[in-house]
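*Asks:* Any chance you could fold what I've pasted below:
(2 chains)
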Number of protein chains: 2
Amino acid sequence: MPITIRALVCAAIALGASAPAAAQDAADPIVTQYRDVADRIIQTALADSSAWDRLARLTDAFGHRLSGSRSLEQAIDWVLAEMKKDGLDSPRTEPVKVPHWVRGVESAELVSPRHVALPMLGLGGSIGTPARGITAEVLVVSDFDELHARAGEAKGKIVLFDPEWKNYGETGRYRRVGAIAAAKAGAVALLIRSVGPYGIRTPHTGVMSYDSTVTRIPAAAITMEDAMMLHRMQDRGERVVVTLKMQAKTLPDAMSRNVMAEITGSEHPEEVVVLGGHIDSWDVGTGAMDDAGGVVVSWEAIRLIRRLGLKPKRTIRAVGWTNEENGLRGALAYRDARGAEVANHVMAIESDAGVFRPDGFNMTGSDSAVAIVRRVAALLASINADSISTPGGGADIGPLMERGVPGLGLDVDGERYFWYHHTPGDMVDKLDPADVARCVAAMAVMAYVIADLPERLPPTAVP
Amino acid sequence: MPITIRALVCAAIALGASAPAAAQDAADPIVTQYRDVADRIIQTALADSSAWDRLARLTDAFGHRLSGSRSLEQAIDWVLAEMKKDGLDSPRTEPVKVPHWVRGVESAELVSPRHVALPMLGLGGSIGTPARGITAEVLVVSDFDELHARAGEAKGKIVLFDPEWKNYGETGRYRRVGAIAAAKAGAVALLIRSVGPYGIRTPHTGVMSYDSTVTRIPAAAITMEDAMMLHRMQDRGERVVVTLKMQAKTLPDAMSRNVMAEITGSEHPEEVVVLGGHIDSWDVGTGAMDDAGGVVVSWEAIRLIRRLGLKPKRTIRAVGWTNEENGLRGALAYRDARGAEVANHVMAIESDAGVFRPDGFNMTGSDSAVAIVRRVAALLASINADSISTPGGGADIGPLMERGVPGLGLDVDGERYFWYHHTPGDMVDKLDPADVARCVAAMAVMAYVIADLPERLPPTAVP
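*Replies:* Take a look at the predicted model:
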């Protein structure tokens, strides 16, 4: 639906301009030069389900890929081996030291006003509880303001934040810094309502943080259903008591790797268009959309360019960054390993919002770069993936963007992404093979054309 | 959406008739006589969220209510006490002997091609496994036909049925009789893909059955995601092995109760319109829509009639039947306790499809009874709950319908009912207070008018 509306709006805007859209397109030398190759890329991508099949194989075979886990390293080994079989240039890994948090056995149980197990997930980075658990009365608050107003009641209690979903940035704050706020008020543990707009008794994990000024307290998410139930119980004047048990702990840093391969540029091999996603995931579900999908569509995009025998002027590199979820160490290591070569990065594209039906890209770059990318995106109109919004980018390309590399994030129909995000339900069946193929097409056309243009995309001014 | 379409279709049909719909309604003596009282009932029902609040209190306070559980009997005690406080006539319970199945600790683990826990729920009535569990290779089949064709491969294996969702009747067969089919083929345990159109790694329980001609084997449901994953693994030629552990067992029958109250008829107190739902539930979630909601809207309907001071000619009785889920013993006991008085039951109405936005009722009855109910339903047009489809009814009123009592089932927007059905996600937040109020209005108007008509509704011919 949003795509259709967007398409109608775009059509209306085009009709309002002085020349018909088709005539404008025809007059654009980028469109004239790349129309045929773009259509070939799109048609080839859409001809089969190879990208979805590869995503299913990866996620079925290795499962979750939390930083520090054996499954992450096995998955990286497999990607590397497959990249070699694909005949891509320079398949390799680069070492990255990553945090190593482990969940262990964990549980939450309501013990007053009645006994029932509460489905839960500890938050990434949390400390554990004593072996006997923490049993305490719960203070339910809707938001930070209410906690502040009732701080006098929080001492010795488990604080439960039960905010209504607004958006990931805003509602996610309770997960990211809730333990700090609760500890400041004297709480002994933190519970949050899972961060998402919808669930079927679905807990969501994700990273949390501590602050050196206050005590570290264990932190976990319960489901939206149970958070609301505990809130209703409190509103009725009932005493709500929970026992929280978590074995979570942080081990010494572990070794992981970024994994990558490329198509070497024919004229300017030193200039690079990089595209990718993160190969690590949370330790629930199989991280199919967060973010094996981003890795696979990037990798499939360059495999497709290679299969079609295309030889872009600049190098196109597909990367699976490690440790996006709880450290961003892969993205930082990628940048730091390149040193001055970062300036040779013409563009960075990330897919980390799920490989649902693509709408286009969100972008951060100079006005002139955005204008060029918009002209390239016109080549994706046939699959309704021609929208370019600003600003944009992504976490893994953030360290490059800070140094002036124009950054694009793949935009998709995100209606259900946060239903699955960081949950046991993040599995490949939620993704449509045709949508995944469209994502490959969008990534491949954008990367190929930008890598092949006569002039390199201008960098972003860095303050 | 279905409501709107239905309303448009109805409007089109009405317009196609010789007289305008409004004029027809005005000419109908039932509409003329009951329009004002129906509108008062509807307005009063829609004025607050008391029905939803009561449903939340019931389900929050007692949780699940599986037959044989203490929580079921505590919930029944509470309903009885509240019915007394409501000032309803003859609040009481009637004893029912019910099956007593207990789940115990249970788990399923994929052990080849990789190790991972599979979220699962044992099926109601299943036997357990030995304490060490059952570890066996899995044969995944899509349907009964495929099992039949591959029966030679099933011996000593765990059979997993992975059928695509069609509808509850058809797809539910794998849950109901899958263990018999698998045992006939020599399987040592049964797994099924959870019966539902959608999930977020959500297992669904529900009743299963054995057959005296074959060995009883343990039976459980895994999630749709995992069933599809195991199927993909098998399709790739991988050896799929699962360890299933279940402590499930059936204890001696326990005592439970049907709970009821009424508004005594002013002219024909012996003639009864009965309406209700089932007070028991599966032992996951809180059974808010399956079926505390049905009990509460029936009970709230008569409370509303009492609050408005209405005195119907016939008795209206609201019942919470026990043990619908795994025995139907409450429904049978209700009928058997009444003996010849069953013939005095003018109509039976059941709500057991979730108390979502009501569309009307589905009905089984004589043509003349259906015609009268359609005229009464016209009083619900203002809330778009005036559809009467045939046939219809429900499980708990089935034993009455068999004896000729016209039966109605409350029809609701069922789009998401089977997302939650028999899962941990069946909780009250999934229900909209305004929709629950509409269900109360529909039940109350239908029950009151049928109970007050000059002539009793004609019975159904019994073969």
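*Asks:* and residue A:355, how many neighbours?
*Replies:* Burial measure for residue A:355: 33 neighbouring residues, criterion other Cβ atoms under 10 Å in any protein chain shown. (Glycine included, C-beta is placed from N, CA and C.)
*Asks:* can you confirm it is in a strand?
*Replies:* No: assessed by DSSP: H, G, I helix; E, B strand; the rest coil, residue A:355 does not belong to a strand; its assignment is coil.
*Asks:* didn't residue A:447 look like it was pressed against residue A:316?
*Replies:* Yes: counting by Cβ atoms under 8 Å, a contact exists between residue A:447 and residue A:316, whose distance comes to 5.0 Å.
*Asks:* Among the two, which residue is more densely surrounded?
*Replies:* Between residue A:447 and residue A:316, counted using other Cβ under 10 Å, the more crowded position is residue A:316 (32 against 29).
*Asks:* Give the next helix or strand downstream of the one helix or strand the more buried one maps to.
*Replies:* Taking DSSP states H and E as the definition, one finds residue A:316 inside strand A:314-321. Under the assignment DSSP H and E, the closest C-terminal helix or strand after strand A:314-321 is helix A:329-338.
*Asks:* Most proximal residue of the stretch 101-250 of chain A with respect to chain B?
*Replies:* Closest to chain B within the stretch 101-250 of chain A is residue A:200: 3.6 Å, counting by Cβ to the nearest Cβ.
*Asks:* which element is that residue on?
*Replies:* Secondary-structure element containing residue A:200, defined by DSSP H and E: none, the residue being outside all helices and strands.
*Asks:* related to what we said a few turns ago, which residues do residue A:447 and residue A:316 both contact?
*Replies:* In the contact map built from Cβ atoms under 8 Å, 6 or more residues apart in numbering or on different chains, the residues linked to both residue A:447 and residue A:316 are A:273, A:275, A:301-302, A:305.
*Asks:* Would you mind naming what in chain A lies close to chain B?
*Replies:* Along chain A, the residues adjacent to chain B under the rule Cβ under 8 Å from any Cβ of the partner chain are A:56-57, A:60-63, A:71, A:113-114, A:116, A:119, A:199-202, A:224-225, A:228-229, A:232-233, A:236, A:285, A:419-420, A:423-425, A:427-430.
*Asks:* Just the buried residues out of those residues, in ChimeraX syntax.
*Replies:* Buried residues among those (16 or more other Cβ atoms under 10 Å in any protein chain shown), as a ChimeraX selection:
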select /A:56,57,60,61,62,63,71,119,199,200,201,202,224,225,228,229,232,233,285,419,420,423,424,425,427,428,429,430
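*Asks:* Looking at the residues of chain A next to chain B, which are in strands?
*Replies:* Among the residues of chain A next to chain B, the members falling in strands (DSSP state E) are residue A:116.
*Asks:* Assumed residue A:155 was part of a strand.
*Replies:* No: under the criterion used here (three-state DSSP), residue A:155 is coil, not part of a strand.
*Asks:* Average pLDDT for whichever helix or strand residue A:262 is part of, rounded please.
*Replies:* Applying DSSP H and E as the criterion places residue A:262 in strand A:249-263. Confidence over strand A:249-263 (mean pLDDT, whole number) is 98.
*Asks:* Might you quantify the distance of that strand from its chain's geometric centre?
*Replies:* Distance of strand A:249-263 from the chain centroid (Cα atoms, centre = their mean, to the nearest Å) equals 17 Å.
*Asks:* what do you get for stretch A:310-320?
*Replies:* Here stretch A:310-320 is found 22 Å from its chain centre; the criterion is Cα atoms, centre = their mean.
*Asks:* ok, and what's touching it?
*Replies:* Residues outside stretch A:310-320 that contact it (Cβ under 8 Å, 6+ apart): A:37, A:76, A:79, A:88, A:258-279, A:295, A:298-299, A:301-302, A:305, A:334, A:346, A:447-448, A:451-453, A:456.
*Asks:* Helices along the stretch 1-150 of chain A, start to end?
*Replies:* Counting by DSSP state H, counting those that start in this stretch, one finds helices in the stretch 1-150 of chain A at the ranges A:2-16, A:21-27, A:29-46, A:50-62, A:70-85, A:144-149.
*Asks:* Tell me which residues of the longest one come out buried.
*Replies:* By neighbour count on 16+ other Cβ under 10 Å, the buried set for helix A:29-46 is A:30-31, A:34-35, A:37-38, A:41-42, A:44-46.
*Asks:* try stretch A:329-345
*Replies:* Of the residues in stretch A:329-345, those buried (16+ other Cβ under 10 Å) are A:329-335, A:338, A:342, A:344-345.
*Asks:* who touches it?
*Replies:* Contacts made with stretch A:329-345 from outside it, assessed by Cβ under 8 Å, 6+ apart, are listed as A:67, A:94-99, A:256, A:258, A:270-274, A:278-280, A:319, A:321-324, A:395-400, A:403-405, A:459.
*Asks:* Please save the CA atoms from stretch A:167-177 in PDB.
*Replies:* Backbone C-alpha positions of stretch A:167-177 (Å, rounded to 0.1, in the frame of the first residue of the first chain) are rendered in PDB as follows:
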ATOM      1  CA  ASN A 167       8.900   4.200  17.100                       C
ATOM      2  CA  TYR A 168      12.100   2.300  17.500                       C
ATOM      3  CA  GLY A 169      14.300   5.400  18.300                       C
ATOM      4  CA  GLU A 170      12.000   6.700  21.000                       C
ATOM      5  CA  THR A 171      10.600   3.500  22.600                       C
ATOM      6  CA  GLY A 172      13.900   1.800  22.300                       C
ATOM      7  CA  ARG A 173      15.400   4.300  24.800                       C
ATOM      8  CA  TYR A 174      13.800   2.300  27.600                       C
ATOM      9  CA  ARG A 175      15.800  -0.700  26.500                       C
ATOM     10  CA  ARG A 176      19.000   1.200  25.900                       C
ATOM     11  CA  VAL A 177      19.200   3.400  29.100                       C
END
